[in-house]
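Novice: Have a look at this prediction, sequence included:
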Amino acid sequence: MSAREWIGKDFYRELGVSSDATQDEIKKAYRKLAKENHPDANAGDAAAENKFKAVSEAYGVLSDSAKRKEYDEARRLFGSGGGGFPGGAAGGPGFDVGDIFGQASAQQQGGFGGLGDILGGLFNRRGGAAGATPNRPQRGADVETDVRIDFVEAVKGATLPLRLSSPATCSTCGGNGAKPGTSPRTCPACSGSGLVSRSQGAFAFSEPCRDCRGRGQLIDDPCPECGGEGISSRIRTLTVRIPPGVSDDQRIRLAGQGEPGRGGAQPGDLYVRVHVAPHATFGRSGLDLTLSVPVSFTELTLGGTITVPTLEGKVSLKVPPGTASGRVLRVRGKGIVKRDGATGDLLVTLQAAIPSKVDDKAREALEAYAEAMAGNDPRPEITELLEGR
């Protein structure tokens with residue numbers, strides 16, 4: 001994107017956030033809008049597709065602290081509503097350095113770099129006229145998407161196909177923006193720098209070249225697929241490997257699978273945010289699996305052996321006599337196994353199962369038990385407190 005196009009867009013408005021929004025607020029706004037307007041969820045909806053591209057472009061700038069700083073500075077200097085020049089953005093109608101500084105003597109040709117150095121920093125170019133270096137390549141923006149997996153896939157790992165609609169290097173022109181069989185040519189007005197210089201009194205100023213719109217190249221016959229941008233939107237399918245033990249809301253980085261770079265630069269990265277569905281029976285605490293198992297009063301009192309499930313099958317678990325309800329028993333090595341060899345356990349919580357109704361035979365047995373335990377106070381501390389002792 002040229003300097004002028006960059007300045008003329010309000011990325012904050014595209015995401016619906018204020019200019020002082022935090023990175024978390026920007027990320028939250030992007031994820032919400034990207035999900036609502038994703039082409040997969042809005043097949044054939046051109047407006048949703050355009051909105052998806054716009055918010056992706058905005059997030060690519062605002063999520064990068066360096067790019068955001070440059071963008072904010074550009075808007076402050078040249079954007080409408082900021083501390084810009086009369087007439088709007090640099091190079092726009094009515095732009096006249098004399099309106100700001102007044103008319104200086106034509107003989108005052110000092111060695112000031114003026115705003116050329118500032119613009120060079122903002123748009124990753126060196127200011128100057130003929131002989132300046134071409135535009136510096138720019139790394140592609142990082143992209144984020146979401147996948148949903150079940151609990152077992154999160155524990156054991158999985159390989160999933162990922163279908164994306166995203167900007168990519170145009171396959172027709174190879175990214176140079178020119179129709180196949182033709183090539184871009186160096187802009188004669190700026191000699192490929194994307195900037196032109198002019199003097200006003202004691203100052204030398206640089207501004208984006210109007211002929212090439214700051215790109216440094218002219219495309220006489222644009223590519224029919226991408227319209228000269230070198231980037232087009234396409235559907236692609238990737239394979240993402242979910243490692244064993246992945247946590248809910250964890251991000252997985254796929255290097256080089258983000259937006260393509262410009263000017264031959266490296267592409268950005270793709271971040272896959274994983275959402276794990278809860279399991280009906282098992283829970284998780286770090287690398288440990290958790291399980292709550294109902295047991296009878298007699299099993300807790302007399303002890304015994306119970307059978308509990310695992311994700312691979314089942315195991316036998318010994319309950320010691322006199323076990324209290326709520327006690328946690330550990331089954332070693334039956335938790336999550338990560339690729340680095342770290343292994344968790346299965347934590348089994350024993351919960352006393354109290355029947356809502358009992359038959360006459362069971363009632364007689366319970367009454368006999370209560371009579372036999374009459375001298376055994378289960379609440380001695382509470383009894384002492386009630387009796388004032």
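Specialist: That came in fine, so what should we check first?

Novice: for the record, mean pLDDT for the longest helix belonging to the chain?
Specialist: What stands out as the longest helix in the chain, according to DSSP state H, is helix 46-62. Averaged over helix 46-62, pLDDT sits at 85.

Novice: Stretch 270-280 now?
Specialist: Mean predicted lDDT for stretch 270-280 stands at 93.

Novice: which residues are contacting the longest helix of the chain?
Specialist: Residues outside helix 46-62 that contact it (CB atoms under 8 Å, 6 or more residues apart in numbering) are 1, 6, 9, 11-12, 14-15, 26-27, 30, 33-34, 36-39, 41-42, 67-68, 71, 140-143, 165-167, 233, 259, 268. (Glycine included, C-beta is placed from N, CA and C.)

Novice: hmm, try it at 6 Å
Specialist: 11, 14-15, 26, 30, 33-34, 37-39, 42, 67-68, 71, 141 (CB atoms under 6 Å, 6 or more residues apart in numbering).

Novice: On the three-state scheme, the closest residue to residue 353 other than its chain neighbours is what?
Specialist: Leaving aside its sequence neighbours, residue 353 sits nearest to residue 294 (CB to CB, 6 or more residues apart in numbering; 4.0 Å). At residue 294, secondary structure determined by DSSP: H, G, I helix; E, B strand; the rest coil is strand.

Novice: burial count for residue 294?
Specialist: 12 (other CB atoms under 10 Å).

Novice: cool, and residue 296?
Specialist: Counted with other CB under 10 Å, residue 296 comes out at 14.

Novice: per-residue confidence at it?
Specialist: pLDDT recorded at residue 296 is 92.

Novice: same thing with the one 3 residues further on?
Specialist: What the model reports as pLDDT for residue 299 is 92.

Novice: Same check on the one 4 residues further on?
Specialist: Turning to residue 303, the model gives it a pLDDT of 93.

Novice: Contact partners for it?
Specialist: The contact partners of residue 303, by CB under 6 Å, 6+ apart, come to 319, 320, 321.

Novice: Mind checking which of the residues you listed are buried?
Specialist: Using 16 or more other CB atoms under 10 Å as the burial test, the contacts of residue 303 include residue 319 as buried.

Novice: Show me how far stretch 310-327 is from its chain's centre.
Specialist: Offset of stretch 310-327 from its chain centre (CA atoms, centre = their mean, to the nearest Å): 41 Å.

Novice: same deal with stretch 205-220?
Specialist: Worked out by CA atoms, centre = their mean, stretch 205-220 lies 33 Å from the chain centre.

Novice: Residue 187 and residue 219, how far apart?
Specialist: Plainly put, residue 187 is 10 Å away from residue 219 if you go by CB to CB, to the nearest Å.
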